[in-house]
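Asker: Just need the structure, nothing else, for what follows:
(2 chains)
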Amino acid sequence: MSTFVYDLIGLSAGICFVLALKGLSSPKSARRGNLIGALGATIATVVIFFYAKPESDGTPTSLPIDNLGWILGAMAVGTLIGVPAAKKVQMTQMPQLVALFNGVGGGAAALVAIVEYLSLGTDATTAVVIATVFTVVVGCVSFSGSIVTFMKLQELMTTRPVVFPGGRFVIAGTLVAVLAVSGWVVVALGTTPLLILAALSLLFGILFVLPVGGADVPIVISLLNAFTGLTVAASGYVLDSTMLIIAGTLVGASGTILTRMMAEAMGRSLFGTLFGAFTAKPQEASGAAEERPVRSGSPDDVAILLNYARRVVIVPGFGLAVAQAQHTVRELADLLIAKGIDVAYGIHPVAGRMPGHMNVLLAEANVPYEQLAEMDEVNPTFGQTDVAIVIGANDVVNPAAETTPGCPIYGMPILQVSNAANVIFLKRSMRPGFAGIENELLYDPKTMLLFGDAKASLTKVVSALKGL
Amino acid sequence: MEPIAIISIFVLAVFVGFEVVSKVSSTLHTPLMSGANAIHGVILVGAIIVASHSKTNLELGLSVAAIILATINMIGGFVVTDRMLEMFKGKKKEAK
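Answerer: Okay, the predicted model is just below:
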């Protein structure tokens, strides 16, 4: 296959990626878009086996390519790990899986650059070395940073911002060291400096993500996703592959925009999210919390309250996802509608662990699309709402976001359930939400709490409601 | 390749990337991120290229690791995105 034909096929893969992103931007074409992306990736992968790049002096290298057994074996191993993981993961754990996939992609890009650097030796031009350094640094940051976000989401470590004394100096120091060693690699061209650079970048990735609070983690995943895209583009330059440059740049650019849109949906400046922790002070421990009185009710109390309501707004959160209660909540809503009660779901853009998490979950339970109301639509209606029922959500309804300057979620738009006549919280415990902030609304006299697993609680409410 | 050609490709791809996702509802943020994530899994192609001309055991070992990671990223990414979007499809089925 000539280089021209090869590049042409690479271009068609690039077009597939553009169409994929375009398709993924609209609900109707999203699934097709994803399949087009997969098609592009398949084309790009298959064609590489039938093309051997000629040596720099023009002599064609022979097919089949070297180390074919190793390559196919490694692909088989990757498939055997990746596919079951993607198939078996529960909806609740999808965000951390995406984080993990992104991390390994960044790691792969860094490894590719290191290998190419080793094989080029002193032949590498300065431009290639700079691109290599960029790929190694950003790829390693993406890798270790994604692992930390994975651990945060999987709750293998605390979801609160990890801030230690002098932390910002350590982070700044590491960054300076990364830049200095980058310069060293460009000048000295050695394997050792490159490996030191990789190690420092891994460390920086960890330090970079540690101070990010739980609620901001999705934004960081998106940013690291864009980073990985750029490393792929840079490795495309190193390997002289137009297809990789196009694919990587597309992901880098669209990922950056997506990160900004997510940050806007949460009312955060991107800068504030990433560097807010530099100035954040550890929150004062609210030790008195448990002693304050709360009003907890029984499923029957909740059913009665709902039965006499005219308008009910259901606010789902991560707890709904954990309990897999999406079908039960729909049963409840259908029951209320049958009683002539006006029911809407108030969907916060970042309820759950990722933007759109709740939409996906409720779509699974076949909740009619018209019942889902976005934040801007539903907020003005809380004044006329008799009961707001908050299911496993906390931070997205926490009035502290509007009233307490300096708290980690201050400035984030919230669902103003406190304007409703009654608020019911279905919670597992008094534990604060993902962002780790106390919610004053829980102590409000018009709030009733129903403790327990969301699915079990909802089932009880549904049967109590049927008995009325 | 000519540096100016590479820079042109890069700059134009940046604009295309900005444009295609400029209007997307928050509902689709997660699947879009996941889909974009799968697309950068084509670094697999890069991993295969370096593996195919690896001369030393070190190079081969590292590139085999890169292939495994990239395959997980690419195939796993597309499969998980499809699963997410499948949920949206269920809605239509009932409407019929």
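Asker: Every contact and neighbour count from this point should use C-alpha atoms.
Answerer: Fine.
Asker: Next, count neighbours for A:Ser418.
Answerer: 18 (other C-alpha atoms under 10 Å in any protein chain shown).
Asker: for it, what are its contacts?
Answerer: Contacts for A:Ser418 (C-alpha atoms under 8 Å, 6 or more residues apart in numbering or on different chains) come out as A:Phe382, A:Val397, A:Pro399, A:Leu441.
Asker: ok, the second one - how many residues close by?
Answerer: Pointing back at A:Val397 there. 21.
Asker: Find the nearest non-adjacent residue to A:Gly23, please.
Answerer: Leaving aside its chain neighbours, A:Gly23 sits nearest to A:Gly33 (4.1 Å; criterion: C-alpha to C-alpha, 6 or more residues apart in numbering or on different chains).
Asker: can I assume that neighbour sits in a strand?
Answerer: No - read with DSSP: H, G, I helix; E, B strand; the rest coil, A:Gly33 is helix and lies in no strand.
Asker: Flag the shaky bits of the chain, pLDDT-wise.
Answerer: I'll assume chain A. Residues of chain A meeting the criterion pLDDT under 70: A:53-64, A:214-215, A:266-268, A:272-292, A:433-436.
Asker: other chain: chain B
Answerer: Judged by pLDDT under 70, the stretches of chain B that qualify are B:88-96.
Asker: Need the residue closest to the centroid of it.
Answerer: B:Ile39 (1.3 Å; C-alpha atoms, centre = their mean).
Asker: Run through the residues that contact it.
Answerer: Here B:Ile39 is in contact with A:Phe17, A:Gly37, A:Ala38, A:Ala41, A:Ala247, A:Val251, B:Met74, B:Gly77 (C-alpha under 8 Å, 6+ apart).
Asker: Tell me how far A:Cys407 lies from A:Gly213.
Answerer: Computed as C-alpha to C-alpha, to the nearest Å, the A:Cys407 to A:Gly213 distance reads 11 Å.
Asker: Looking at these two, which one has more neighbours?
Answerer: Neighbour tally, A:Cys407 and A:Gly213, criterion other C-alpha under 10 Å: the higher count belongs to A:Gly213, 24 against 18.
Asker: nearest spatial neighbour of the more buried one, skipping sequence neighbours?
Answerer: A:Pro161 is the one closest to A:Gly213 (C-alpha to C-alpha, 6+ apart), at 4.3 Å.
Asker: A helix includes A:Val396, no?
Answerer: Yes - A:Val396: assigned to a helix according to three-state DSSP.
Asker: How much space separates it from A:Pro413?
Answerer: In terms of C-alpha to C-alpha, A:Val396 sits 8 Å off from A:Pro413.
Asker: again, but for A:Leu35
Answerer: In terms of C-alpha to C-alpha, A:Leu35 sits 34 Å off from A:Pro413.
Asker: swap in A:Ser429?
Answerer: 24 Å.
Asker: Tell me how many other residues surround B:Leu85.
Answerer: Neighbourhood size, B:Leu85 [other C-alpha under 10 Å]: 25.
Asker: ok, so what distance separates it from A:Ala38?
Answerer: Between B:Leu85 and A:Ala38 the computed distance is 14 Å (C-alpha to C-alpha).
Asker: List the contacts of residue 18.
Answerer: You didn't say which chain, so I picked chain A. Counting by C-alpha under 8 Å, 6+ apart, A:Val18 touches A:Leu250, B:Val16, B:Gly17, B:Val20.
Asker: Please refer instead to chain B.
Answerer: Here B:Phe18 is in contact with A:Leu250, A:Ala253, A:Ser254, A:Ile257 (C-alpha under 8 Å, 6+ apart).
Asker: which of the residues you listed are close to chain B?
Answerer: A:Leu250, A:Ala253, A:Ser254, A:Ile257 (C-alpha under 8 Å from any C-alpha of the partner chain).
Asker: would you turn those residues into CSV with distance to A:Ala177 and secondary structure?
Answerer: Shown next, in CSV, are those (distance: C-alpha to C-alpha, whole Å; DSSP: H, G, I helix; E, B strand; the rest coil):
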residue, distance to A:Ala177, secondary structure
A:Leu250, 30, helix
A:Ala253, 27, helix
A:Ser254, 30, helix
A:Ile257, 29, helix
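Asker: Which one (most neighbours) among those?
Answerer: Most surrounded of the ones next to chain B among the contacts of B:Phe18: other C-alpha under 10 Å gives A:Leu250, at 32 neighbours.
Asker: Grab the nearest non-local neighbour of that one.
Answerer: B:Gly17 (4.5 Å).
Asker: Just confirm the one you found contacts A:Gly248, I think it does.
Answerer: No - in this structure B:Gly17 lies outside contact range of A:Gly248 using C-alpha atoms under 8 Å: 9.9 Å.
Asker: More neighbours: these two, which one.
Answerer: More crowded of B:Gly17 and A:Gly248, by other C-alpha under 10 Å: A:Gly248, with 34 against 27.
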